[in-house]
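S.K.: Quick one, fold the following:
(one chain, ligands or ions: 2)
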Amino acid sequence: MIALALDLPLNQFTSQHDPLVENFDNFELMHYPPITPSSEDTTKFRISPHTDWGTLTLLFQQSIGGLQVRPPHYTSPELDLDDEIWTSAPVFNDMVLVNIGDMLEFWTAGALKSTWHRVVPTALHGCVDRYTFAYFLHPNKNAVLVPIEAMKRDGWVPRFAGIGRTAEEHIHARITGVHGRREEADKGEVGKGVQSVVVKEVVVQPVCKEWADSGRCEI
Ligand SMILES: O=C(O)CCC(=O)C(=O)O
Ligand SMILES: [Fe+2]
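M.R.: Ligands and ions are numbered 1, 2, ... in the order given. Below you'll find the model as predicted:
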């Protein structure tokens, strides 16, 4: 459908996602324990701003909320994540939320943007466990990350230094960005996993008396 929408050959992307070729697809179950009133985490991101590394991410969420997205108007690798207006993503228990990842941004020369997103604490995070299922769809690990000929355009500034790298090289670069030494990482790659940034405007409010007393409450 994405190929169709972009007027590209219908196998443009499916050919890069061959089930017989090794890839980095993974399926994660994430658990965010309730935040207790005394917890320092009440002022921090639950997941700091990042983009996903693959082609698409399918998110199966509960109605707890907390996921926010950044409007996709950036053009420069010099991102200022602090001055942005973030929009809360709607949560529908019976729907799948689809995020565009880095690979599609590479291939479409930024016409499709890898969605910046983060998870912030909301009042409900003080009361209940938050669970998310995420399916991270990745291309063949030897897929090459260059803009598709028909999508090339002047003026596109790639966020990553790695135009022409393979999907596997991109994943390794991003892992280094998150877990490795910062000076070895591309600028755009520092993000997910960096838990030390404080969100000053977000305060978790107790939504029920029990929570204020015990740190847990019944919904
Ligand atoms: O838990 C969520 O809602 C988002 C998780 C996420 O962005 C990720 O794991 O990449
Ligand atoms: Fe993500």
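S.K.: Compute the distance between the closest residue in space to residue 108 that isn't next to it in sequence and residue 7, please.
M.R.: Computed as CB to CB, 6 or more residues apart in numbering, the closest residue to residue 108 that is not its neighbour in sequence is residue 151, at 4.7 Å. Placement of C-beta: from N, CA and C, glycine included. Per CB to CB, to the nearest Å, residue 151 is found 10 Å from residue 7.
S.K.: between these two, who's got more neighbours?
M.R.: Taking other CB atoms under 10 Å, residue 151 and residue 7 do not tie; residue 151 has more neighbours (18 against 9).
S.K.: What pLDDT is listed against the more buried one?
M.R.: Reading off the confidence values, residue 151 has pLDDT 95.
S.K.: Contacts only, for it.
M.R.: Residue 151 is in contact with 6, 8, 107, 108, 109, 111, counting by CB atoms under 8 Å, 6 or more residues apart in numbering.
S.K.: Show the buried residues in these.
M.R.: 6, 8, 107, 108, 109 (16 or more other CB atoms under 10 Å).
S.K.: Rebuild the residues you listed as JSON lines, extending it with secondary structure, pLDDT and distance to residue 15.
M.R.: Formatted as JSON lines, the buried ones among the contacts of residue 151 follow (DSSP: H, G, I helix; E, B strand; the rest coil; pLDDT from 0 to 100; distance: CB to CB, whole Å):
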{"residue": "6", "secondary structure": "coil", "pLDDT": "97", "distance to residue 15": "15"}
{"residue": "8", "secondary structure": "coil", "pLDDT": "97", "distance to residue 15": "11"}
{"residue": "107", "secondary structure": "helix", "pLDDT": "96", "distance to residue 15": "12"}
{"residue": "108", "secondary structure": "coil", "pLDDT": "96", "distance to residue 15": "15"}
{"residue": "109", "secondary structure": "coil", "pLDDT": "94", "distance to residue 15": "19"}
